[in-house]
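J.: no sequence on this one, just coordinates:
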């Protein structure tokens with residue numbers, strides 16, 4: 001089977017310098033970028049059912065740009081005024097800098113982990129001794145919250161967004177020679193959109209051990225996998241696989 005079309009289940013790169021486009025040119029394949037999942041914010045009614053008052057908190061934790069977007073979107077609809085002395089704790093500097101989209105960064109108290117890990121962030125939070133901290137999370141999240149308890153940081157989680165399946169027709173799914181997944185939720189979405197899905201000659205690529213396990217649990221045959229010492233990125237794994245089948 002000649003491989004010509006690949007669905008990469010991520011948003012299209014924002015720069016034309018993306019190595020994905022180098023893959024297209026090098027191997028003469030067509031890449032389509034469309035996530036199998038999307039993130040939607042909870043409604044005001046759903047959030048209020050948790051009986052959480054945002055203004056009671058002295059600090060807020062952000063682990064991703066998505067959590068930033070959903071928090072400020074919800075605050076706007078709730079007509080919540082963000083306190084001037086609210087402290088922001090971010091998992092990475094990238095997330096911290098993203099806050100500039102919503103706040104005057106230089107005038108606010110913004111802290112972040114220099115190594116991008118929750119246990120390090122907990123130490124930062126403890127150092128600043130914020131008494132009552134809120135952390136926006138998804139309905140299904142993977143963060144190990146025991147880290148904060150061990151650091152004796154008072155933390156409350158608030159579900160503000162959820163991951164749902166994007167819409168694909170079975171015909172659209174089967175129109176590609178290869179599907180590339182990055183999350184277990186993407187694998188689940190494949191079967192939600194196409195309950196009778198049979199892989200056949202279609203090729204499957206995955207990124208991450210959890211995604212690989214989800215695919216294997218569904219009986220899928222994986223031909224391309226990352227990350228590894230040899231292939232740290234999905235692009236490098238794709239390059240190797242396409243080189244092998246083209247030669």
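T.: Yep, that arrived. No experiment lies behind these values; they were computed from the predicted model shown.
J.: Assign a three-state SS to residue 115, would you?
T.: Of the three states, residue 115 takes coil according to DSSP: H, G, I helix; E, B strand; the rest coil.
J.: can you tell me which residues contact it?
T.: With contact set as CB atoms under 8 Å, 6 or more residues apart in numbering, residue 115 has no partners. (Glycine included, C-beta is placed from N, CA and C.)
J.: List the buried residues in the strand ranked longest in the chain.
T.: Criterion DSSP state E: the longest strand present in the chain is strand 155-165. Under the neighbour-count criterion of 16 or more other CB atoms under 10 Å, strand 155-165 has 155, 157, 158, 159, 160, 161, 163, 165 buried.
J.: The second one against residue 139, yeah?
T.: No - under the criterion of CB atoms under 8 Å, residue 157 makes no contact with residue 139, lying 10.8 Å away.
J.: For stretch 84-97, could you pull out the residues that count as buried?
T.: Neighbour counts over stretch 84-97 (16+ other CB under 10 Å) mark 86, 87, 88, 89, 90, 91, 92, 95, 96 as buried.
J.: Quick check, residue 65 in contact with residue 98.
T.: Yes - the pair residue 65 / residue 98 is scored as a contact, 4.8 Å apart, by CB under 8 Å.
J.: if I look at these two, which residues touch both of them?
T.: Shared contacts of residue 65 and residue 98 (CB under 8 Å, 6+ apart): none.
J.: show me the contacts for residue 56.
T.: By CB under 8 Å, 6+ apart, residue 56 lies in contact with residue 132.
J.: quick one: low-confidence parts of this structure?
T.: The model of the chain has pLDDT under 70 over residues 1, 107-108, 129-130.
J.: Which parts of it are strands?
T.: Remark: strands assigned in the chain by DSSP E are 5-8, 30-33, 37-41, 59-62, 87-90, 109-112, 133-138, 155-165, 178-181, 203-207, 222-226.
J.: Figure out which of those is closest to residue 17.
T.: Nearest to residue 17, of all the strands of the chain, is strand 30-33, at 14.6 Å by CB to CB.
J.: Any idea how many residues pack against residue 213?
T.: By other CB atoms under 10 Å, 13 other residues sit near residue 213.
J.: In contact with it, which residues?
T.: Listed by CB under 8 Å, 6+ apart, the contact set of residue 213 reads residue 184.
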